[in-house]
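**Q** The following comprises the amino acid sequence and a computationally predicted model.
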Amino acid sequence: MDRLKNKVALISGGARGQGAAEAKLFINEGAKVVIGDVLDGDARKLSDDLNRAAGAHVTVAIHLDVTRAADWRAAVDACEREFGGLDILVNNAGILNTKGIAETSEEEWDAIINVNQKGVWLGMKIAAPAMKKRGSGSIINISSIYGLIGSGGSAAYHASKGAVRLLTKTAAVEFAPNNIRVNSVHPGVIKTPMVDIFADAELDAIAQLAPMKRAARPEEVGWVVLFLATDEASFVTGAEYLVDGGYTAV
Ligand SMILES: NC(=O)c1ccc[n+]([C@@H]2O[C@H](COP(=O)([O-])OP(=O)(O)OC[C@H]3O[C@@H](n4cnc5c(N)ncnc54)[C@H](O)[C@@H]3O)[C@@H](O)[C@H]2O)c1
């Protein structure tokens, strides 16, 4: 129950899907959570529900567009103002476009790279000073199996998620002297609104490519993210954690 006692977390894209699952798991383990998202209504409803369930002020929602430095500064300020500091950042916000290299427009390319790649860099840049003040921190960057292998489509998404993998490793080296750990998580097929763009049969066919032959629930990624957030992962940094039902093992 207390694996994150006295810790404050900021979760980008926390209004739904995996980010929302992580917010719940973190709060159940004693953390205070700032939920940042562009979906203001969803984020506020989730934080209201979680505060009501906890019977305490354990979370707050804030408008955070991860491509905007000013929004990140406001989100980090909210962590410090509402809960006294920042210990954990989950760079979870992401968008997907399945187009290949030939069909991708310049605008589509820029949109994906801005959210999935630049957003992760900006988050780390602006959160790290707050963690340095606390003397430690844990940053978890959500990449994808598509950050490790190719698929023939999703060109900008692959490029952005591959970048997150190496940005994570160089951040781990840069921030190790500050006792800030930085790791990446690489989900396979996870049942969230992101994959609603696929018809059920299409999604099932993709999930069947993994030895476990199913899509995962958001919590199944959240449990790994939770571990990396806790002090149980005190010697884990610069690592990449696959949560893919064996997708990339074959
Ligand atoms: N679902 C999958 O199969 C899958 C697989 C591998 C990796 N991922 C990654 O997992 C992460 C979470 O995705 P999910 O599956 O929960 O999908 P989701 O679409 O349910 O959640 C993504 C969240 O990010 C938010 N977001 C989008 N653009 C934003 C921006 N500019 N600023 C702030 N928030 C923004 C969305 O509003 C949404 O709440 C993403 O980084 C995604 O790329 C997902």
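**A** Here it is on my side, so go on.
**Q** Identify the single longest helix in this structure, thanks.
**A** The residue-count maximum for a helix in the chain (DSSP state H) belongs to helix 155-175.
**Q** Send me it as PDB with only the CA atoms.
**A** C-alpha atoms of helix 155-175 as PDB (Å, rounded to 0.1, in the frame of the first residue of the first chain):
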ATOM      1  CA  ALA A 155       7.000   5.800 -40.000                       C
ATOM      2  CA  ALA A 156       6.900   8.900 -37.900                       C
ATOM      3  CA  TYR A 157       5.800   6.900 -34.800                       C
ATOM      4  CA  HIS A 158       8.700   4.500 -35.200                       C
ATOM      5  CA  ALA A 159      11.100   7.400 -35.600                       C
ATOM      6  CA  SER A 160       9.700   9.100 -32.500                       C
ATOM      7  CA  LYS A 161       9.600   6.000 -30.300                       C
ATOM      8  CA  GLY A 162      13.100   5.000 -31.300                       C
ATOM      9  CA  ALA A 163      14.300   8.400 -30.300                       C
ATOM     10  CA  VAL A 164      12.700   8.100 -26.900                       C
ATOM     11  CA  ARG A 165      14.700   4.900 -26.300                       C
ATOM     12  CA  LEU A 166      18.100   6.600 -26.800                       C
ATOM     13  CA  LEU A 167      17.000   9.900 -25.300                       C
ATOM     14  CA  THR A 168      16.300   7.800 -22.200                       C
ATOM     15  CA  LYS A 169      19.700   6.300 -22.100                       C
ATOM     16  CA  THR A 170      21.600   9.600 -22.500                       C
ATOM     17  CA  ALA A 171      19.400  11.200 -19.900                       C
ATOM     18  CA  ALA A 172      20.200   8.300 -17.500                       C
ATOM     19  CA  VAL A 173      23.900   9.100 -18.000                       C
ATOM     20  CA  GLU A 174      23.400  12.900 -17.600                       C
ATOM     21  CA  PHE A 175      21.300  12.700 -14.500                       C
END
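**Q** tell me what the helix or strand containing residue 53 is packed against?
**A** Counting by DSSP states H and E, the element that carries residue 53 is helix 40-54. Here helix 40-54 is seen to pack against helix 17-28, strand 32-37, strand 59-63 when contacts are counted using 3 or more Cβ pairs under 8 Å, 6 or more residues apart in numbering; DSSP states H and E. Bear in mind the C-beta positions are built from the backbone N, C-alpha and C, glycine included.
**Q** Ok, which of the ones you listed comes nearest residue 98?
**A** Checking these against residue 98 by Cβ to Cβ gives helix 17-28 as the closest, at 17.2 Å.
**Q** from the helices and strands packed on helix 40-54, which stretch is densest packed?
**A** The highest average neighbour count among the helices and strands packed on helix 40-54, using mean count of other Cβ atoms under 10 Å, belongs to strand 32-37 at a mean of 28.
**Q** Next to the ligand in this structure, residues from the chain, please.
**A** Residues of the chain lying close to the ligand by Cβ under 6 Å from any ligand atom are 12-13, 15-19, 37-39, 64-67, 92-96, 115, 142, 144, 187, 189-190, 192-195.
**Q** among the residues you listed, which are in helices?
**A** Secondary structure assignment by DSSP H places 17-19 of these in helices.
**Q** Make TSV out of those residues and add pLDDT.
**A** Formatted as TSV, those follow (pLDDT from 0 to 100):
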residue	pLDDT
17	98
18	98
19	99
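**Q** Can you tell me which of these is closest to the ligand?
**A** Proximity of those to the ligand, judged by Cβ to the nearest ligand atom, is greatest for residue 17, which lies at 2.3 Å.
**Q** Find the centremost residue of the chain, please.
**A** residue 92 (1.9 Å; Cα atoms, centre = their mean).
**Q** The helix or strand of the chain with the lowest mean pLDDT - contacts with which helices or strands?
**A** Lowest on mean pLDDT, DSSP states H and E among the helices and strands of the chain sits helix 200-207, with a mean of 96. In terms of contacts (3+ Cβ pairs under 8 Å, 6+ apart), helix 200-207 is not packed against any helix or strand.
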